[in-house]
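Engineer: quick one, fold the following:
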Amino acid sequence: MRDFFIVLATILLSKSLYYETYGANFLLIPFFFFLILIIIPNIKNFKVDKVILLYSFSLLGLTLMNLDQSHKQWLVLLIRMLITVMIIHLITFERFSNAFIRIMLILSVISWFGLFIIHYNIQSPLPSFTSVHYIEDIQGRILRNFIFFGVDESFPKYGIHKTSGLWWEPGAFQVFVNLALAFSLINNTITGKRYIIFLITILASLSTTGIVAFSLLSIIYFKKYFKIKSSILYSIPLLALIFGVIFVTPEIYAKLTSFSFMSRYYDVLISIHLFSENIFLGYGYGSQVENARPYAREIIDPELYRYVVPAGTDGITMFIAQVGILGFIFMIPLLYPKYFQHLDLYIRILISLSLFLMFNTQHFTHMLIFIVLIFYGLVGNKKMNYPPKE
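Structural biologist: Residues are numbered from 1 along each chain as shown. Next comes the predicted model:
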């Protein structure tokens with residue numbers, strides 16, 4: 001139960017609707033002290049891994065070298081790192097990932113009821129969730145509160161049948177669903193039933209990125225568990241999903257010309273440009289708003305800017321642009337983690353591609369799940385000096 005609660009808190013504190021509605025980064029403080037209370041009785045057994053220390057001090061030092069960094073975001077980064085250090089010493093990656101999978105299976109199935117809420121335009125008696133937006137003159141999204149999932153007010157209004165779980169949009173929800181599938185493949189705990197649950201959830205989200213990432217992971221599932229040896233045969237699931245999505249839900253294909261796609265395109269373009277101007281130290285950690293938007297106004301038509309204003313959705317390229325060229329090194333544990341090094345090369349490549357897609361199309365760089373995955377990527381499933389479980 002302790003592990004389950006810690007993993008659930010990690011998920012909810014990673015930009016879920018509870019996080020956005022009820023305090024955002026301030027919610028990290030009680031979670032920090034909760035972990036402290038667990039650690040203190042067995043503090044003598046608590047020793048921080050040297051690799052984690054080196055990574056943490058190096059990243060914190062690098063971000064401080066640029067005076068344009070956001071002091072507030074730097075402090076939040078420090079708190080997230082301290083929280084994650086305690087998490088990885090309390091829970092091995094195997095235990096963390098298995099709890100993560102169970103939680104996401106539950107949230108996935110429950111999220112399907114959102115389609116009925118949308119179809120029948122059912123109201124909730126609970127106070128609404130409010131998604132926080134950091135865009136000038138644009139109000140945050142209002143979502144109906146059904147405890148285990150939210151429903152964007154615009155979905156019933158315009159007949160948009162999508163599920164977004166406990167996140168502000170389907171694109172964010174799919175990150176956690178695909179992570180659960182990836183963990184199942186890494187831990188060799190995937191079953192046909194689990195795969196179907198994740199498949200239905202991803203398709204119900206209608207997230208383009210989610211479907212592409214899921215398709216990449218599906219190649220692993222079909223090749224490994226159906227013993228398909230031909231490269232042509234095990235690419236069939238990928239092709240089937242892609243073509244199925246195009247024909248069954250043509251609105252996803254239309255996204256390639258939508259404001260959503262254009263916003264992500266300009267996010268990457270702006271990050272590349274700012275990186276080229278500040279290769280060594282970047283333009284300042286956590287200062288995306290102050291630095292990216294002035295440049296965006298120069299290259300984006302004023303009429304278009306209102307709809308594609310930079311939102312930092314390109315998490316990885318934005319992070320590298322903020323901290324400089326050394327940012328590539330700091331991303332290695334995320335994209336090539338130790339916890340999957342026991343797998344075949346083609347599996348590692350496909351999972352790495354999926355992780356890149358997931359985290360470079362959503363703003364999770366400044367969230368707890370981001371640091372947790374990096375730290376587990378540094379230590380793998382290594383057993384630390386954990387305080388004994390009560």
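
Engineer: now I371: how far from L82?
Structural biologist: Distance, I371 to L82, using CB to CB, to the nearest Å: 10 Å. In short, each C-beta sits where N, CA and C put it, glycine included.

Engineer: and what of L343?
Structural biologist: With CB to CB as the criterion, L343 and L82 are 31 Å apart.

Engineer: residues near the residue nearest to Q73 when sequence neighbours are not counted, how many?
Structural biologist: Closest residue to Q73 apart from its sequence neighbours, by CB to CB, 6 or more residues apart in numbering: G286 at 2.6 Å. Counted with other CB atoms under 10 Å, the neighbours of G286 add up to 23.

Engineer: who's in contact with the spatially closest residue to L17 that is not a sequence neighbour?
Structural biologist: Nearest residue to L17 in three dimensions, chain neighbours excluded: F129, at 4.0 Å (CB to CB, 6+ apart). Contact analysis of F129 by CB atoms under 8 Å, 6 or more residues apart in numbering lists 17-18, 20-21, 142-145, 150.

Engineer: rerun that using 7 Å as the cut-off
Structural biologist: Taking CB atoms under 7 Å, 6 or more residues apart in numbering, we find F129 in contact with 17, 21, 143, 145, 150.

Engineer: show me where the stretch 101-250 of the chain has its helices.
Structural biologist: 113-120, 154-158, 170-186, 192-205, 208-225, 236-248, 250-254 (DSSP state H, counting those that start in this stretch).

Engineer: can you tell me which of those is packed in deepest?
Structural biologist: Greatest average neighbour count among those goes to helix 170-186 (a mean of 25), per mean count of other CB atoms under 10 Å.

Engineer: what residue ranges in this protein score low on pLDDT?
Structural biologist: 133-139, 227-261, 289, 303-307, 309-312, 384-390 (pLDDT under 70).

Engineer: would you map the strands across it?
Structural biologist: 129-130, 142-145, 150-152 (DSSP state E).

Engineer: how about TSV for those strands, with distance to S164 added?
Structural biologist: Output for the strands of the chain, formatted as TSV (distance: least, CB to CB, whole Å):
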stretch	distance to S164
strand 129-130	10
strand 142-145	8
strand 150-152	7
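
Engineer: and of the ones you listed, who's closest to W74?
Structural biologist: Among the strands of the chain, strand 129-130 comes nearest to W74, with 26.2 Å by CB to CB.

Engineer: now do that closest one: distance to the chain's middle.
Structural biologist: How far strand 129-130 lies from its chain's middle: 19 Å, per CA atoms, centre = their mean, to the nearest Å.

Engineer: partners of it in the sheet?
Structural biologist: strand 142-145 (antiparallel) (DSSP bridges).

Engineer: would you mark the buried spots in the strand it pairs with?
Structural biologist: Within strand 142-145, the residues that count as buried by 16 or more other CB atoms under 10 Å are 143-145.

Engineer: which one of the residues you listed sits closest to H119?
Structural biologist: R144 (13.5 Å).

Engineer: was I right about that closest one contacting F155?
Structural biologist: No: R144 is beyond contact range of F155, at 9.1 Å (criterion: CB atoms under 7 Å).

Engineer: quick check: S128 touching G140?
Structural biologist: No: if you go by CB under 7 Å, S128 and G140 don't touch, sitting 10.5 Å apart.

Engineer: neighbours of N187, just the number please.
Structural biologist: For N187, the neighbour count with other CB under 10 Å is 16.

Engineer: now it, nearest residue through space, not along the chain?
Structural biologist: S97 (5.8 Å).

Engineer: wait, what's in contact with the one you found?
Structural biologist: S97 neighbours (CB under 7 Å, 6+ apart): 183, 186-187.

Engineer: dump those into a markdown table; add distance to N381 as well.
Structural biologist: Converted to a markdown table, the contacts of S97 look like this (distance: CB to CB, whole Å):
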| residue | distance to N381 |
| --- | --- |
| F183 | 12 |
| I186 | 10 |
| N187 | 9 |
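
Engineer: just curious, which of those is nearest to D301?
Structural biologist: F183 (42.3 Å).

Engineer: ok, now which ones touch F356?
Structural biologist: Contacts of F356 (CB under 7 Å, 6+ apart): 316, 335.

Engineer: what's the distance between it and Q362?
Structural biologist: Distance, F356 to Q362, by CB to CB: 12 Å.

Engineer: go on, S263?
Structural biologist: In terms of CB to CB, S263 sits 12 Å off from Q362.

Engineer: swap in H71?
Structural biologist: With CB to CB as the criterion, H71 and Q362 are 25 Å apart.

Engineer: for L8, same thing?
Structural biologist: 20 Å.

Engineer: what about these two, which has more around it?
Structural biologist: Q362 (26 against 16).

Engineer: ok, that one - contacts?
Structural biologist: By CB under 7 Å, 6+ apart, the neighbours of Q362 are 171-172, 175, 313, 315.

Engineer: would you list those residues in TSV and tack on distance to R2?
Structural biologist: As requested, the contacts of Q362 are arranged in TSV below (distance: CB to CB, whole Å):
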residue	distance to R2
G171	32
A172	27
V175	25
T313	34
G315	30
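
Engineer: closest to S207 among these?
Structural biologist: G171 (4.8 Å).

Engineer: wait, doesn't that closest one sit right on T209?
Structural biologist: Yes: counting by CB under 7 Å, G171 touches T209, with 6.0 Å between them.

Engineer: overlap in contacts, those two.
Structural biologist: With CB under 7 Å, 6+ apart as the test, G171 and T209 both reach T361.

Engineer: report the contact partners of the closest residue to L126 other than its chain neighbours.
Structural biologist: Nearest non-adjacent residue to L126, counting by CB to CB, 6+ apart: N145, 4.1 Å away. N145 makes contacts with 124, 126-129, as judged by CB under 7 Å, 6+ apart.

Engineer: how about I220?
Structural biologist: 185, 347, 350.

Engineer: could you do E94 as well?
Structural biologist: 187, 381 are the contacts of E94 under CB under 7 Å, 6+ apart.

Engineer: coming back round to it: do you know how far the residue nearest to N187 is from L13?
Structural biologist: 17 Å.
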